[in-house]
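Enquirer: Quick one: sequence plus predicted model below, questions after.
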Amino acid sequence: MSNFTRRDLLKTLGVVTIAASAPAGALWTGLAEAADPKYQVKPEKGAKLRVLRWKRFVQGDEEMWLANTKKFTEKTGIEVRVDSEGWEDVRPKAAVAANVGSGPDIIIGWFDDPHQYPDKLHDLTPLANYLGAKYGGWYDICRRYGTRDGKWIALPLGVIGNLLVHRESHVKAAGFDGVPKDLDGFLKLCKALKAKGTPAGLALGHAVGDGNDWVHWLVWTHGGRMVDEKGNVVINSPETVAALEYVRELYPTFVPGTLSWQDPHNNKAFLDGQTSLTNNGISIYYAAKNSTDPKLKEMAADIGHAHFPIGPAGKLTEFMQITQAMLFKYSKFPNAAKEYLRFMWEEEQFNPWLEASIGYVSQPLKAYEKNPVWTVDPKHTPFRDVAKGLMDNGYAYKLGAASAAVMADYILLDMVAEAAAGQQTPKAAAERAQKRAERYYKI
């Protein structure tokens, strides 16, 4: 583990807007010498930066991010203001900034959003190549999301792991040794949990992470897909209808209210004891483990993490939210912004951040697999390798403006929710999703 203690962290933390007395650029020379000479940029004189990122679910993530930002300011004299927004709010704010040409210099957003406005973003290829060469290379999923036409249009921060979080004792009380690896077994487990008064609960509201993650798995594991290899919309298929018929059986096992759940809701429901199985990152375990409430600490020891079951597709079809930094062309200080990104992705900052976040975000660069956070607690380990086998939002075609728009419009999530709640028949829900998606995919 890092020698950087919590006491050190609290000493270095400042307010969200971080300033230094040294003039911008005054200390740049010393900082640049720490970088590979093949990649150097000189920040603009008098540079000031504004960064927008998503609100944390793990306290250590935010604390260490701000501590690292303060460290950057102390080394460079560049003032950096860090703002946080709710997960659902980052995407529209980024889109507005791209359209009006004004806003934060850097926005840390979601999935393939950069592909909606690639011409509004700085080319980060030299920086991404430098980091990739130094830290063991980028995972394929990060490269797919971060690049377009051979150029890096965004810098992946990592994958927010999303697995089946469950109470191990409740699963055993329902008659199972663990979360089944097949669809029939999973449905039986959820029915048994419901009968025991310890129901499951998966988000069906417009939850950027948890909602999108599990519904993509649901459709893909049945063999469905939004588009084929040529970009034709094919969501209205027998495979998709089979997935929606399955969810009509699964949904009655859920705790009430999931149709309106956004990303924070299942965390709260699980920690309140309302649900015993949901899909989430490591944040639920983190909250329970670090709570001063004895009941929650006891719950932490009972929390398990499992992969999603495998259906007719015959393989893992997991989908998790990737988060990546975008540098907009309207920024007055692009060199300073690139230097900030380089600094934050370097091991001296990135490793302590991973540790403070207890692996809430799985690394985008392979070298960081060795971080001890993944083995210090066996409950962390399942999240270490989540980036290795993920499918992307463009499957089975390519990422682009259409895939990003379909995601932003929650077409797949709405389809599953409508069928689950009986608002539409499975066939009608698939037909409606087909028509909505065809507005974006115009081949």
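Expert: Arrived safely, thanks for sending. Numbers count the residues shown, from 1 in each chain.

Enquirer: where's Thr323, which helix or strand?
Expert: Element membership for Thr323 (DSSP states H and E) is strand 321-327.

Enquirer: Please name the nearest non-neighbouring residue to Val215.
Expert: With CB to CB, 6 or more residues apart in numbering as the criterion, Val215 has its nearest non-adjacent residue at 4.3 Å, and that residue is Val416. Using the backbone N, CA and C atoms, a C-beta is placed for each residue, glycine as well.

Enquirer: How far off centre is whichever strand or helix holds the one you found?
Expert: Counting by DSSP H and E, the secondary-structure element that holds Val416 is helix 411-420. Computed by CA atoms, centre = their mean, to the nearest Å, the separation of helix 411-420 from the middle of its chain amounts to 21 Å.

Enquirer: May I have it as CSV, with CA atoms only?
Expert: What follows is helix 411-420 as a C-alpha-only set of coordinates in CSV (Å, rounded to 0.1, in the frame of the first residue of the first chain):
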residue,chain,number,x,y,z
ILE,A,411,-33.6,3.4,-25.6
LEU,A,412,-32.5,-0.1,-24.4
LEU,A,413,-33.3,0.7,-20.7
ASP,A,414,-36.7,2.1,-21.6
MET,A,415,-37.5,-1.0,-23.6
VAL,A,416,-36.6,-3.4,-20.8
ALA,A,417,-38.5,-1.3,-18.2
GLU,A,418,-41.7,-1.1,-20.4
ALA,A,419,-41.7,-4.9,-20.8
ALA,A,420,-40.8,-5.6,-17.2
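
Enquirer: report the angle between the axes of the next helix-or-strand element following that helix and helix 411-420?
Expert: Secondary structure here is assigned by DSSP H and E; on that basis, the next helix or strand after helix 411-420 toward the C-terminus is helix 426-438. Going by axes from the mean of the first three to the mean of the last three CA atoms, to 10 degrees, helix 426-438 is angled at 160 degrees with respect to helix 411-420.

Enquirer: CA atoms of helix 426-438 as PDB?
Expert: The C-alpha atoms that make up helix 426-438 are tabulated as PDB, following Å, rounded to 0.1, in the frame of the first residue of the first chain:
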ATOM      1  CA  PRO A 426     -42.200  -7.800 -25.200                       C
ATOM      2  CA  LYS A 427     -42.900  -7.600 -28.900                       C
ATOM      3  CA  ALA A 428     -44.300  -4.100 -28.800                       C
ATOM      4  CA  ALA A 429     -41.500  -2.900 -26.600                       C
ATOM      5  CA  ALA A 430     -38.900  -4.300 -29.100                       C
ATOM      6  CA  GLU A 431     -40.800  -2.700 -32.000                       C
ATOM      7  CA  ARG A 432     -40.800   0.700 -30.300                       C
ATOM      8  CA  ALA A 433     -37.100   0.500 -29.500                       C
ATOM      9  CA  GLN A 434     -36.400  -0.400 -33.100                       C
ATOM     10  CA  LYS A 435     -38.200   2.700 -34.400                       C
ATOM     11  CA  ARG A 436     -36.500   5.000 -31.800                       C
ATOM     12  CA  ALA A 437     -33.000   3.600 -32.600                       C
ATOM     13  CA  GLU A 438     -33.500   3.900 -36.400                       C
END
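
Enquirer: Can you point out the buried residues in that helix?
Expert: Within helix 426-438, the residues that count as buried by 16 or more other CB atoms under 10 Å are 426, 428-434, 436-437.

Enquirer: mean confidence for the strand holding Thr323?
Expert: Confidence for strand 321-327, expressed as mean pLDDT, is 97.

Enquirer: do stretch 285-297 as well
Expert: Along stretch 285-297, the predicted local confidence has a mean pLDDT of 95.

Enquirer: ok, now stretch 418-436?
Expert: Averaging pLDDT along stretch 418-436 yields 98.

Enquirer: Please list the outside residues in contact with it.
Expert: When contacts are taken as CB atoms under 8 Å, 6 or more residues apart in numbering, the neighbours of stretch 418-436 outside the stretch itself are 204, 233, 235-237, 240-241, 244-245, 247-248, 250-251, 259, 406, 409, 411-412, 414-417.

Enquirer: so how far is it from its chain's centroid?
Expert: In terms of CA atoms, centre = their mean, the gap separating the centre of stretch 418-436 from the centre of its chain is 27 Å.

Enquirer: Same check on stretch 351-364?
Expert: In terms of CA atoms, centre = their mean, the gap separating the centre of stretch 351-364 from the centre of its chain is 13 Å.
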